[in-house]
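>>> Requesting a structural model of the entry that follows:
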Amino acid sequence: MVSSLGLDVATFWNNIKNGQSGAKLITRFDAGKFKTQFAAQLPEDFQAATYLDKSEIKRNDLYTQYALIAAKQAIEDSGFDISNMSPYDVGVIFGSAQGGMDTFEHQIREYVATNHEPHFNPFFIPKTLVNMAAGLISIKYGFMGVNFTTVTACASANTAMMDALNYIRWGKAKIIITGGADAPITEGSIGGYNALKALSTRNHDPQAAARPFDVERDGFVMGEGAGVLVLEEYEHAIQRGATIYAEVAGAAMTGDAYHITATHPEGKGAIKAMELALEDAGLNHDDVDYLNAHATSTPVGDISEAKAIYGAFGDSPNLSVSATKSMTGHLLGAAGAIEAIVSIKAVTDGVVPATINTTVLDSQLPAGLKIVTGASQEKNVNVSMSNTFGFGGHNAVVIFKKV
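Predicted coordinates for the structure are as follows:
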């Protein structure tokens, strides 16, 4: 993975456990004229040239670069050798919400600045396409199996993982590279989300801006990056001696059929998505030890999700809930991917991350909901659930469990 909290999983996870925030003032462009002037950017020492050759950088938007870098880490960690397999047994199913937004904005700005002279970069279209991260991963490594992109806004990565799970279940692939990437720290994205009144404007204190479930929350913090997982059929992984971190136990999707940006106020679709995911995994609500909430820190969204979690789990004695967007910001189509990694690390390491910045819980929250605040907690986590909800009413839930 690559994110504001680290350019690899180990660094990222250490910062998550220690409750670090990746938010800071935007340096990629002059944000002084915007209502929101900060975001969770990749670390200052990030250099794409460390990971990619010049042609890959020239021909690809930032979001695709992030995807390629994270994919390289995941594929190397997995240790599988494509030369020992049919290339048609390895696929790529990848998520993104916005695709090449950075490239699109730069090209159109240049077009306007040159008095509408049509001198477009020959890579303009390929760099902006939302499916290009999936395509480039397959091209780079020779993966010739199922290959497509899921676009369900902020649920995109979870949708991709659910599809990857099912394609493997159906016997259509042995291995699928999945996850999500987005690079939305652009003038258009910040300005657009400001217009929606979705972003925090706590410019005086960026690191405390993302505060899910807190009474003073005022919107989310934009993030960027990519997360990639290698999903593999169990017997195939065992036969080659793979390191298995967790089992993808189940997943489900529903639609709110309610509003273009707002979640259902009572969380009806979200409740059903969690219930269906549990059914798919053959689990009941008392089996889940940790839930990574979508909780973006928006006034309406956090309450509807909290109601949904309580609606699905009630007073479950085992369930701990936290929102790691308080540290990473909201990576849009990549959010589910890095939160899946958090959920898996909770299982492997026995640690439940905290929701940072949350000091006074909103009184509208269900009283029985156990939200972890302050510091991370040690806990035996056998099963974790990760929620993502996207504009348009897309609800996607994935469950991981200890092998």
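>>> And the strands in this structure?
24-25, 38-39, 90-95, 147-150, 175-182, 225-232, 247-255, 290-292, 320-322, 351-352, 377-378, 383-390, 394-401 (DSSP state E).
>>> Present those as CSV; the columns should include mean neighbour count and mean pLDDT.
Placement of C-beta: from N, CA and C, glycine included. Shown next, in CSV, are the strands of the chain (neighbours: other C-beta atoms under 10 Å; pLDDT from 0 to 100):
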stretch, mean neighbour count, mean pLDDT
strand 24-25, 14, 98
strand 38-39, 28, 98
strand 90-95, 31, 98
strand 147-150, 21, 98
strand 175-182, 32, 98
strand 225-232, 28, 98
strand 247-255, 21, 98
strand 290-292, 28, 98
strand 320-322, 25, 98
strand 351-352, 21, 98
strand 377-378, 12, 98
strand 383-390, 29, 97
strand 394-401, 28, 98
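>>> Walking through the stretch 1-150 of the chain, point out its helices one by one.
9-17, 54-59, 62-78, 101-113, 124-128, 132-141 (DSSP state H, counting those that start in this stretch).
>>> For residue 333, which of those helices is the nearest?
helix 62-78 (8.4 Å; C-beta to C-beta).
>>> Tell me where the model's unsure across the chain.
Applying pLDDT under 70 to the chain flags no residue at all.
>>> center of it, which residue is that?
The residue lying closest to the centre of the chain (C-alpha atoms, centre = their mean) is residue 335, at 1.6 Å.
>>> need the contact list for the residue nearest to it when sequence neighbours are not counted.
Among residues not flanking residue 335 along the chain, residue 154 sits closest, at 5.6 Å (C-beta to C-beta, 6 or more residues apart in numbering). When contacts are counted by C-beta atoms under 8 Å, 6 or more residues apart in numbering, residue 154 touches 97, 294, 296, 330, 332-333, 335-336, 388-391, 394.
>>> before we move on, what about residue 336?
Counted by C-beta under 8 Å, 6+ apart, residue 336 has contacts 95, 154-161, 180, 227, 386, 388, 396, 398.
>>> any idea which of these is the one closest to residue 289?
For the contacts of residue 336, the nearest to residue 289 is residue 386 (12.8 Å; C-beta to C-beta).
>>> beta partners for the closest one?
residue 292, residue 398 (DSSP bridges).
>>> can I assume it is in contact with residue 292?
Yes. At 4.6 Å, residue 386 counts as touching residue 292 under the criterion of C-beta atoms under 8 Å.
>>> Spit out the residues that contact those two alike.
By C-beta under 8 Å, 6+ apart, the residues touching both residue 386 and residue 292 are 339, 342-343.
>>> of all these, which comes closest to residue 372?
residue 342 (12.3 Å).
>>> how many other residues sit next to that closest one?
26 (other C-beta atoms under 10 Å).
>>> List the residues that contact it.
Here residue 342 is in contact with 13, 16, 292, 324, 353, 386 (C-beta under 8 Å, 6+ apart).
>>> contacts for stretch 18-31?
3-5, 15, 37-41, 44, 185-187, 190, 203, 206-210, 221, 223, 326-329, 353-354, 356-357, 375-376.
>>> Buried subset of those as a PyMOL selection?
Only the buried entries of the contacts of stretch 18-31 go into this PyMOL selection, using 16 or more other C-beta atoms under 10 Å:
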select buried, resi 3+4+5+15+37+38+39+40+41+185+186+187+190+206+207+208+209+210+221+223+326+327+328+329+353+354+356+357+376
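>>> The nearest residue to residue 36 once chain neighbours are set aside and residue 310: what is the separation?
Spatial nearest neighbour of residue 36, excluding adjacent residues (C-beta to C-beta, 6+ apart): residue 199 at 4.3 Å. Going from residue 199 to residue 310 by C-beta to C-beta, to the nearest Å gives 27 Å.
>>> So the two - more neighbours on which side?
residue 199 (28 against 20).
>>> so which of the contacts of residue 342 comes closest to residue 133?
Of the contacts of residue 342, the one sitting nearest to residue 133 (C-beta to C-beta) turns out to be residue 386, at 20.3 Å.
>>> Any chance of the backbone angles for the residue of the chain most remote from its centre?
Residue farthest from the centre of the chain, counting by C-alpha atoms, centre = their mean, is residue 115 at 38.7 Å. Torsion angles at residue 115 (phi, psi; degrees, to the nearest 10) stand at phi 60, psi 40.
>>> for it, what are its contacts?
Contacts of residue 115 (C-beta under 8 Å, 6+ apart): none.
>>> before we move on, the earlier item: could you dump the contacts of residue 342 into JSON lines with distance to residue 61 added?
Below are the contacts of residue 342 laid out as JSON lines (distance: C-beta to C-beta, whole Å):
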{"residue": "13", "distance to residue 61": "27"}
{"residue": "16", "distance to residue 61": "27"}
{"residue": "292", "distance to residue 61": "28"}
{"residue": "324", "distance to residue 61": "26"}
{"residue": "353", "distance to residue 61": "30"}
{"residue": "386", "distance to residue 61": "26"}
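>>> just curious, which of those is nearest to residue 69?
Among these, residue 13 lies closest to residue 69 (C-beta to C-beta), at 17.1 Å.
>>> Just give the closest residue to the closest one, not the sequence neighbours.
In space, and not counting its chain neighbours, residue 13 is closest to residue 345: 5.1 Å by C-beta to C-beta, 6+ apart.
>>> residues in contact with the one you found?
Here residue 345 is in contact with 9, 13, 16, 351 (C-beta under 8 Å, 6+ apart).
>>> ok, now how distant is it from residue 292?
10 Å.
>>> give the contact list for the closest residue to residue 134 other than its chain neighbours.
Leaving out its chain neighbours, the residue that sits closest to residue 134 by C-beta to C-beta, 6+ apart is residue 94, at 4.0 Å. The contact partners of residue 94, taken as C-beta under 8 Å, 6+ apart, are 67, 133-134, 137, 149-150, 160, 177-181.
>>> All good on my end, thank you.
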